[in-house]
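Asks: coords below, sequence missing:
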């Protein structure tokens, strides 16, 4: 009963038309320093210059914009890895997503890009969140990932007599265009394409090219024509370059990127999204949760190289956005990537910017998310300690507001 009353109280406060928040300090993510002003004003779902109304006292906490996760799989649970995932229906996946969405929101991620979900389970999840049926972050979703037959994003675990192919399978330029149109028809905000092999798939290698440059160009052209951005799963050096030349908006994973690929990404302004934490989880827990032994062996080769190339790309000045591949590891532990981003080249302020302003730009939400400025969504989190000194402060998020509604409070 007490928990229920507390929830009602937070909801009532969160729906206030006008609100003032008093912070101990406020992080200006654009400048990478703390703002001189510690007062934040909110009207309805937006930040404003000033407001009269109720006051929330967070004077013992550090405030910063709601975080953005640019590479998540909300409908995935790592405990359903390997052959166990064959027993998960689309409906069950959507319900798993509802649980994970709340977990991520309470961890401080108020905007999430979901890259790949069978059965349009992520579309259903986004619509449920928008309708207020379940708690969760603001979602941009891709629906089924596009893949060649037998490619990384083709569920190739079943024997051939079952005649099973993933929904996103499309071979050839015109089949790729048709699949883009189909995904958009059923509600996709973006297109996810698997350009190379991967770690957690059976029978392929992460560095092996899958989609050709011709196919990728057709997919990207069709997506952009329909107003959708494209995220390309690409571990291999050639697939990374092909993806950039085809005009994708972001390359995911980037494990074996070479100097030519780095230079090309910088020239084209392509975002790179390195998931440099989950190597720890895969190697420590992968076999326990059912990941295939061959996947563990692949990860042993991929993880170290990926982190070294993250440092190389960052030093070269390539644009990066925060994305962790959550769903490969348990959702809510996304903060664990921040210390690795710092260890491999970034300052804490730069790692936070990658999960706010830079990720917002990648998602097409610049000026709307990842910033505490008038007119932006009133997405706000607060933590104890000083994240500019120790980015691990983001582990314990004490306060979360999404679009002016308080969802978590000390």
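Replies: Sure thing, it's come through. Quick caveat, the model's predicted, so the values are computed rather than measured. Numbering: from 1, shown residues only.

Asks: how close does the residue nearest to residue 277 when sequence neighbours are not counted get to residue 88?
Replies: For residue 277, ignoring the flanking residues on the chain, the nearest one in space by C-beta to C-beta, 6 or more residues apart in numbering is residue 337 at 3.8 Å. Any C-beta I mention is one placed from the backbone N, CA and C, and that applies to glycine too. Counting by C-beta to C-beta, to the nearest Å, the gap between residue 337 and residue 88 amounts to 25 Å.

Asks: residue at max distance from the center of the protein?
Replies: The C-alpha centroid of the chain is most remote from residue 161, which lies 35.6 Å away (C-alpha atoms, centre = their mean).

Asks: quick check, that one in a helix?
Replies: Yes: looking at residue 161 with DSSP: H, G, I helix; E, B strand; the rest coil, it is inside a helix.

Asks: my guess is residue 245 meets residue 212, correct?
Replies: No: between residue 245 and residue 212 there is no contact under C-beta atoms under 8 Å: 11.4 Å.

Asks: any shared contact partners between the two?
Replies: The overlap between the contact sets of residue 245 and residue 212 (C-beta atoms under 8 Å, 6 or more residues apart in numbering) is empty.

Asks: Burial check on the closest residue to residue 293 other than its chain neighbours, number of neighbours?
Replies: Once flanking residues are discounted, residue 293 sits nearest to residue 287: 6.9 Å by C-beta to C-beta, 6+ apart. Neighbour count for residue 287, taken as other C-beta atoms under 10 Å: 15.

Asks: coming back round to it: look up how far residue 71 lies from the residue nearest to residue 277.
Replies: For residue 337, the distance to residue 71 (C-beta to C-beta) stands at 10 Å.

Asks: Give me the common contacts of the two.
Replies: Common neighbours of residue 337 and residue 71 are listed as 275, 324 (criterion: C-beta under 8 Å, 6+ apart).

Asks: Just the pLDDT at residue 14, thanks.
Replies: Turning to residue 14, the model gives it a pLDDT of 45.

Asks: Please, where are all the helices along the stretch 301-410 of the chain?
Replies: 337-343, 348-354, 357-362 (DSSP state H, counting those that start in this stretch).

Asks: average pLDDT across the shortest one?
Replies: When you say that, I think you mean helix 357-362. 98.

Asks: who touches it?
Replies: Against helix 357-362 from outside (C-beta under 8 Å, 6+ apart): 29-30, 68-70, 111, 113, 229, 249-250, 271, 273, 319-323, 366-371.

Asks: try it again with 10 Å
Replies: 29-30, 65, 67-71, 111-113, 229, 231, 249-250, 270-273, 319-323, 350, 352-354, 365-371, 376-377, 379 (C-beta atoms under 10 Å, 6 or more residues apart in numbering).

Asks: Are any of those residues buried, and if so which?
Replies: Buried by 16 or more other C-beta atoms under 10 Å: 29, 65, 67-71, 111-113, 229, 231, 249-250, 270-273, 319-323, 350, 352-354, 365, 368-371, 376-377, 379, out of the contacts of helix 357-362.

Asks: Restricted to strands, list the residues you listed.
Replies: Among the buried ones among the contacts of helix 357-362, DSSP state E puts 65, 67-71, 111-113, 229, 231, 250, 271-273 in strands.

Asks: What is the nearest of those to residue 171?
Replies: residue 231 (20.0 Å; C-beta to C-beta).

Asks: Can you check the pLDDT for that closest one?
Replies: For residue 231, the predicted pLDDT is 98.

Asks: State whether it and residue 192 are indeed in contact, as I suppose.
Replies: Yes: between residue 231 and residue 192 there is a contact under C-beta atoms under 10 Å: 5.0 Å.

Asks: shared neighbours, the two?
Replies: With C-beta under 10 Å, 6+ apart as the test, residue 231 and residue 192 both reach 71, 113, 115, 116, 142, 145, 250, 252.
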